[in-house]
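Show me how the following folds:
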Amino acid sequence: MKKLFTTLTIITILQLSNAFAHNSETFEKMPFLKPYSELLEKYVHPETLEGIPSTGVNYLGWQSDPKHKPAMKLLEKTNLSDIKSKEEKISFWINAYNLLTIDLIVTKGEQESIHNLGGLVGDPWNEFSWVIDGLEITLSQINHQTLRNINEPRVNFALTCAAISCPNLKNQPYWPQLIYTQLERQTREFLRNKEKGVKLIKAPKTDSNLRQTDKFKVSQIFQWFNNDFEHGNIERFVQRYVFLYGATHDGYLPYNWNLNALTGKKPKPVQPNE
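Residues are numbered from 1 along each chain as shown. This next block holds a predicted model:
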């Protein structure tokens, strides 16, 4: 028994040491993750927003936190040539996308919806750009030209658009060494949220002997990025995570674009010259 305890202790120490080594290497390649992880832990919390189970962001606190600007500067100084493995690329660009989305909200002081940004003819995903390691890039380019080319459909459930119906922003970053576990958990959580992901609709009971088929509706994410999911076979993808009881796909859930701010924690309005 003593030998078993000693062996388990050694294994645990080795696992912790290995995890620490991985994190140390990740922080060296992606130093913005340190302040970003602290901001996430401090300002992102579960909350039901307009009847939808979500996580909300304390944009008011984030906006005034002195860690935000250093996090942005460290992100912009990332050496992209250091981001080599598939796991590093997925985690880096998800984290970058989510941080840039938050940066857009807090620097513009948007209080209602990200859709209000981008002017009369533009949209926030194409209108605004940042420079990372000398590369000028938009949110749309990160999503469509980088992440979607990796051919990992679960990424769609890790990106936040600062709206209530978007996938929940987690209160921790995505890590290269944990990325597939995190994506699997995030996808399962999103799809099992009947107000955001998948909603089963039972067929009404009738006096007829004819059996009516149950239906299900899914997030509009499946409409926008249809070919990402089993070449458009939504049922095949969804049933990995939600038991459909033979239900057939019947349209999409309403999408709530209101800001995913915690109650009373919207950012302060920002004057144009600020």
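
which residues of the stretch 51-200 of the chain score low on pLDDT?
Scanning the stretch 51-200 of the chain for pLDDT under 70 picks out the ranges 121.

Which residue ranges of it form helices?
59-64, 68-76, 86-108, 124-127, 139-140, 179-191 (DSSP state H, counting those that start in this stretch).

any idea of the angle the second one forms with helix 86-108?
Which is helix 68-76. 140 degrees (axes from the mean of the first three to the mean of the last three Cα atoms, to 10 degrees).

which residues make contact with helix 68-76 from outside it?
31-32, 34-36, 39, 62, 96, 99-100, 103, 106, 130-133 (Cβ atoms under 8 Å, 6 or more residues apart in numbering). C-betas here are computed from N, CA, C, even on glycine.

about what we covered before: identify, out of the helices of the stretch 51-200 of the chain, the most deeply packed stretch.
Among those, helix 86-108 has the highest mean neighbour count (mean count of other Cβ atoms under 10 Å), at a mean of 21.

Remind me what that one packs against, helices and strands.
Contacts defined by 3 or more Cβ pairs under 8 Å, 6 or more residues apart in numbering; DSSP states H and E place helix 86-108 against helix 33-43, helix 59-64, helix 68-76, strand 129-132, helix 139-140, helix 179-191.

Distance from the second one to the middle of the chain?
Between the centre of helix 59-64 and the centre of its chain there are 19 Å (Cα atoms, centre = their mean, to the nearest Å).

Show residues contacting it.
39, 42-43, 68, 102, 105-106, 109, 259, 261-262, 264-268.

Same check on the shortest one?
Contact partners of helix 139-140, identified using Cβ under 8 Å, 6+ apart, comprise 97, 100-101, 104, 124-126, 128.

nearest spatial neighbour of Pro269, skipping sequence neighbours?
Gly109 (4.5 Å; Cβ to Cβ, 6 or more residues apart in numbering).

what number of residues lie near that neighbour?
For Gly109, the neighbour count with other Cβ atoms under 10 Å is 15.

who's in contact with it?
63, 267-270.

Check these and tell me the two furthest apart.
Gln63 and Pro269 (10.5 Å; Cβ to Cβ).

Let me see the contact set for Leu200.
Contacts for Leu200 (Cβ under 8 Å, 6+ apart) come out as 194, 214-216, 242, 244-245, 247.

ok, 6 Å please
For Leu200, the contacting residues are 216, 247, by Cβ atoms under 6 Å, 6 or more residues apart in numbering.

again with Met30
Taking Cβ under 6 Å, 6+ apart as the criterion, Met30 is in contact with Phe92.

same check, this time on the one 5 residues further on
Under the criterion of Cβ under 6 Å, 6+ apart, the neighbours of Pro35 are 67, 70-71.

and these as TSV, adding distance to Tyr252?
Output for those, formatted as TSV (distance: Cβ to Cβ, whole Å):
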residue	distance to Tyr252
Lys67	38
Pro70	40
Ala71	35
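
closest to Thr187 among those residues?
Closest approach between those and Thr187, by Cβ to Cβ: Ala71, at 26.2 Å.

Look up how far Asp65 lies from that closest one.
Distance, Ala71 to Asp65, by Cβ to Cβ, to the nearest Å: 9 Å.

Kindly report the same for Ala203.
Relative to Asp65, Ala203 is positioned 50 Å away (Cβ to Cβ).

Between those two, point out the one with more neighbours.
Comparing Ala203 with Asp65 by other Cβ under 10 Å, the one with more neighbours is Asp65, at 18 against 11.

Now the more buried one: closest residue in space that isn't a chain neighbour?
Leu39 (6.3 Å).

How many neighbouring residues does the one you found have?
What Leu39 shows, counting by other Cβ under 10 Å, is a neighbour count of 22.

and what of Leu147?
With other Cβ under 10 Å as criterion, Leu147 counts 21.

again with the one 3 residues further on
Taking other Cβ under 10 Å as the criterion, the count of residues near Ile150 is 12.

Now tabulate the helices of the stretch 51-200 of the chain in CSV and tack on distance to Lys170.
Output for the helices of the stretch 51-200 of the chain, formatted as CSV (distance: least, Cβ to Cβ, whole Å):
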stretch, distance to Lys170
helix 59-64, 15
helix 68-76, 16
helix 86-108, 9
helix 124-127, 21
helix 139-140, 18
helix 179-191, 7
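
circling back to that earlier point, turn the helices and strands packed on helix 86-108 into CSV, including distance to Leu253.
Converted to CSV, those look like this (distance: least, Cβ to Cβ, whole Å):
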stretch, distance to Leu253
helix 33-43, 26
helix 59-64, 25
helix 68-76, 32
strand 129-132, 31
helix 139-140, 23
helix 179-191, 11
